[in-house]
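Participant: have a look; sequence and predicted model below, questions after that.
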Amino acid sequence: MLTMTYKLAFAAAQDAGNRAMRVGGRKVWSAGDYRKACEEFERLWPSPDAPRPANSRRCNYPPDVK
């Protein structure tokens, strides 16, 4: 069994962001891609204030981005 580390969670989050970017047909990350990466990182490496609902949005991204 693989032990979760910060570096592994970060790499998985980057993969999730890259995957979202490719699905969207972009060459650079959008705020939505960053949000996906953030959600994946939080799922694998929860913040100290966890537990919280899985659908909460804790990522920091500009408020004008949908």
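Facilitator: That came through fine. Note that the structure is predicted; figures quoted are calculated from it, not measured. Residues are numbered from 1 along each chain as shown.
Participant: got any ranges where this protein has weak pLDDT?
Facilitator: Residues of the chain meeting the criterion pLDDT under 70: 50-66.
Participant: chain center to the longest helix along it: distance?
Facilitator: Of all segments of type helix in the chain, defined using DSSP state H, the longest is helix 6-23. Here the centre of helix 6-23 is set off from its chain's centre by 7 Å, with CA atoms, centre = their mean, to the nearest Å.
Participant: cool, and stretch 32-40?
Facilitator: When distances are taken as CA atoms, centre = their mean, stretch 32-40 is centred 3 Å away from the chain's centroid.
Participant: so where does E39 fall, helix or strand?
Facilitator: Take DSSP states H and E as the rule and E39 turns out to sit in helix 31-44.
Participant: what residues sit buried inside that helix?
Facilitator: Residues of helix 31-44 classed as buried by neighbour count (16 or more other CB atoms under 10 Å): 32-42, 44. Yep, even glycine has a C-beta here, placed from its N, CA and C like the rest.
Participant: also stretch 9-24?
Facilitator: Across stretch 9-24, burial judged by 16+ other CB under 10 Å covers 9, 12-13, 16-17, 20-21.
Participant: turn those residues into CSV, columns for distance to D49.
Facilitator: Shown next, in CSV, are the buried residues of stretch 9-24 (distance: CB to CB, whole Å):
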residue, distance to D49
A9, 17
A12, 21
A13, 18
A16, 22
G17, 23
A20, 25
M21, 29
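Participant: which single one of these is nearest to P48?
Facilitator: In terms of CB to CB, no member of the buried residues of stretch 9-24 lies closer to P48 than A9, at 14.4 Å.
Participant: which residues touch that closest one?
Facilitator: A9 makes contacts with 41, 44-45, as judged by CB atoms under 8 Å, 6 or more residues apart in numbering.
Participant: and those residues, which is closest to M4?
Facilitator: Using CB to CB, the contacts of A9 come closest to M4 at L44, 6.0 Å.
Participant: which one is that closest one nearest to, not counting chain neighbours?
Facilitator: The shortest distance from L44 to any non-neighbouring residue, by CB to CB, 6 or more residues apart in numbering, is to A9 (4.0 Å).
Participant: no further queries at this time; thank you.
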